[in-house]
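# next comes the sequence, and after it the predicted model I'd like to discuss.
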Amino acid sequence: MEILSENKEEEIHVLMVALSSQGHINPMLRLGKRLVNKGLHVTLATTEFTRRRMLKSSTINPTASSISISGVQVRFFSDGQNLDYDGKVNVDSYMENLANFGAISLSNLIKEHFPNPEMSVELPGLPLLRAEDLPSYFLPSNPFGSLPKLLSDMFQNMKKYKWVLGNSFFGLERDAIESMADLCPISPIGPLVPPSLLGEDEDHDSGTVEMWKRDDTCIEWLNKEAPSSVIYVSFGSISVLSAKQMECIAKALKNSSRPFIWAVKQPSLPEPDGAGQLPLGFLEETKDQGLVVSWSPQTKVLAHPAIACFITHCGWNSMLETIAAGVPVIAYPQWTDQPTNAKLIADIFRNGLRLRANQDGIVSNEEVEKCIREIMDGPKSVELKSNARELRVAAREAVAGAGSSDKNIQLFVDEIIRSCGSIVKGSCNDTS
Ligand code: UDP
């Protein structure tokens, strides 16, 4: 609902949303008309599917994107279906598409026609966060009900924790870390990435667990490529991109004509509608240009001199790894903390660019191509690369002897030893 104060009269504008169904639309219109008669402004938003049905019944102007029915403004938002879709064919898939795409196109409709004040959240130590920058589990669209509760329980108890160790480093998140000092001090002890990424010997990398088999052909392949020439793409271990997202990235990589490695992990469960799958023919069309693997040795790939940039979903591990490797980023966040991480990349760390979705909620291939050009050799590339290099140095300094993270680990260890000592002493006294 929007309240306008033009002409010193308050106008109340009500937005109603109706599902694409004959039985829903008319009662909503009747209610809308009653509200109009009582002096309110009313918009009824319904789906393109409804519009197509209305067009077939020849009652409205086929070209209108909005119509007025008895004083109610009717507007249409995309339900994510092809124009020839017939709702009876597969109601389940229609509803799923409506949930995925309808929500986005409805919010775009609201943004376009109801310029409500932009909601934003101001937190100490962080940039101003708009809805699109917030962790997805704080948004109404979050499907995982248990997560906000789990986090809120954890935060409620924060004052009780003696130590909170953070997988980050002071130089990276200085403002956020300092802002927590009174509430619950955080001791950054990272980045907890393979030591070789921080300049140590590769032998020190051992002692980790791999959940998927790494395809080491990546490194042989990279050895043949020119320095700073290859785009690395990965969306981590959980995210599964829609068929449309896969198609746009594939097209962008192909059109960029630059060498690439794309780690395309197969979804753990079968996904509907081609999600997570490469477009048909892509492998053949790009066999001389790029390499597709199902699971890469990511940290080795990022450390390779042939890598120029990383298109990432902004999982926190991938963030720290690319920071430690000094590789600039094209941020393509999906969910959880990733949108906030992408915001940090673009506005605070300034070691990369964030891809923007179009009004249908899709990151187009043109947008990906534009960011690839910009990060490779556009006007901002020098600054982005230089910031990425500076962060790499800062990460190494943090973990080196007497660096900020090393000192925090030492303080933690000292306290454990002290408190264990006093426990042992206390128990000795008890028995004496
Ligand atoms: N990773 C990898 N090979 C791949 C893709 C990812 O080794 O092909 C590793 C990556 O180096 C990182 C982890 O998987 O350490 C992914 O963690 P992150 O927090 O970035 O994302 P998540 O998988 O939790 O979404």
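Cool, got the structure.
# in the stretch 251-400 of the chain, what residue lies closest to the ligand?
Gly315 (2.3 Å; CB to the nearest ligand atom). The C-beta positions use only the backbone N, C-alpha and C, and glycine is treated the same way.
# so who does that residue touch?
Shown here is Gly315, whose contacts under the criterion CB atoms under 8 Å, 6 or more residues apart in numbering are Gly236, Ser237, Gln338, Asn341.
# ok, then the element right after the helix or strand harbouring the last one?
In this assignment (DSSP states H and E), Asn341 forms part of helix 338-344. On the C-terminal side of helix 338-344, the closest following helix or strand by DSSP H and E is strand 352-354.
# count of neighbours near Ile104?
18 (other CB atoms under 10 Å).
# ok, and the closest non-adjacent residue to it?
Gly361 (3.3 Å; CB to CB, 6 or more residues apart in numbering).
# looking at this, that neighbour is in a strand?
No - Gly361: not assigned to a strand; according to DSSP: H, G, I helix; E, B strand; the rest coil it is coil.
# tell me, how many residues neighbour it?
Around Gly361 there are 17 other residues, counting by other CB under 10 Å.
# go on, the one 3 residues further on?
For Ser364, the neighbour count with other CB under 10 Å is 17.
# against Asn157, how distant is it?
44 Å (CB to CB, to the nearest Å).
# for Gln22, same thing?
Counting by CB to CB - Gln22 and Asn157 are separated by 52 Å.
# and what of Asp337?
20 Å.
# if you count surrounding residues, which of the two has more?
Asp337 (17 against 10).
# contact partners for the more buried one?
Contacts of Asp337 by CB under 8 Å, 6+ apart are Pro135, Trp316.
# tell me if I am right that Pro333 is in a strand.
No - counting by three-state DSSP, Pro333 is not found in a strand; it is coil.
# what's the local residue count around it?
25.
# look up how far Val399 lies from it.
26 Å.
# and Ser242, by the same measure?
Ser242 is 38 Å from Val399, by CB to CB.
# same thing with Glu178?
20 Å.
# looking at the two, which is more packed in?
Val399 (22 against 14).
# pLDDT score for the more buried one?
In the predicted model, Val399 carries a pLDDT score of 97.
# tally of neighbours for the nearest residue to Ala303 once chain neighbours are set aside?
The shortest distance from Ala303 to any non-neighbouring residue, by CB to CB, 6+ apart, is to Ala325 (5.1 Å). Using other CB under 10 Å, Ala325 has 24 other residues around it.
# same check on Ile311?
Neighbours of Ile311 (other CB under 10 Å): 24.
# now it: which helix or strand?
Per DSSP H and E: Ile311 is located in strand 307-312.
# tell me the SS of Pro148?
With three-state DSSP as the criterion, Pro148 reads helix.
# do you know the pLDDT at it?
pLDDT, Pro148: 82.
# what residues does this protein have near the ligand?
234, 236-239, 263, 295-296, 298-299, 315-318, 321 (CB under 6 Å from any ligand atom).
# of these, buried ones?
Buried members of these, scored by 16 or more other CB atoms under 10 Å, are Ser234, Gly236, Ser239, Ala263, Trp295, Ser296, Gln298, Thr299, Gly315, Trp316, Ser318, Glu321.
# next step: these restricted to helices.
Gln298, Thr299, Trp316, Ser318, Glu321 (DSSP state H).
# give me the phi and psi angles of the residue nearest to Ala303.
phi -80, psi -10 (degrees, to the nearest 10).
# ok, it touching Lys300?
No - contact criterion CB atoms under 8 Å: Ala325 and Lys300 do not qualify, at 9.7 Å.
# quick check: angle from the strand or helix carrying Lys370 to strand 307-312?
Using DSSP H and E, Lys370 maps to helix 365-377. Between the axes of helix 365-377 and strand 307-312, defined by axes from the mean of the first three to the mean of the last three CA atoms, to 10 degrees, the angle is 140 degrees.
# ok, and for the helix or strand just after helix 365-377, which residues are buried?
With elements assigned by DSSP H and E, the helix or strand that comes after helix 365-377 is helix 381-399. Under the neighbour-count criterion of 16+ other CB under 10 Å, helix 381-399 has 381, 384-385, 387-388, 391-392, 394-399 buried.
# check stretch 119-129 too.
Of all the residues in stretch 119-129, those buried under the rule 16+ other CB under 10 Å are Leu126, Pro127, Leu129.
# just give the nearest non-adjacent residue to the second one, would you?
By that I understand Pro127. The shortest distance from Pro127 to any non-neighbouring residue, by CB to CB, 6+ apart, is to Asp347 (5.1 Å).
# how close does the nearest residue to Arg214 once chain neighbours are set aside sit to Pro259?
With sequence-adjacent residues excluded and distances taken as CB to CB, 6+ apart, Arg214 is closest to Pro297, at 4.4 Å. Taking CB to CB as the measure, Pro297 falls 17 Å from Pro259.
# can you show me the helices along the stretch 101-250 of the chain?
103-113, 146-156, 170-179, 217-223, 243-256 (DSSP state H, counting those that start in this stretch).
# and the first one, C-alpha only, in PDB?
Think helix 103-113. Output of helix 103-113 as PDB, limited to C-alpha atoms (Å, rounded to 0.1, in the frame of the first residue of the first chain):
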ATOM      1  CA  ALA A 103       7.600 -13.500  -7.200                       C
ATOM      2  CA  ILE A 104      10.400 -11.800  -9.000                       C
ATOM      3  CA  SER A 105       8.300 -10.300 -11.800                       C
ATOM      4  CA  LEU A 106       5.700  -9.200  -9.300                       C
ATOM      5  CA  SER A 107       8.300  -7.400  -7.200                       C
ATOM      6  CA  ASN A 108       9.500  -5.700 -10.400                       C
ATOM      7  CA  LEU A 109       6.000  -4.600 -11.100                       C
ATOM      8  CA  ILE A 110       5.800  -3.200  -7.600                       C
ATOM      9  CA  LYS A 111       9.100  -1.400  -8.000                       C
ATOM     10  CA  GLU A 112       8.100   0.100 -11.400                       C
ATOM     11  CA  HIS A 113       4.600   1.300 -10.500                       C
END
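# thank you, goodbye.
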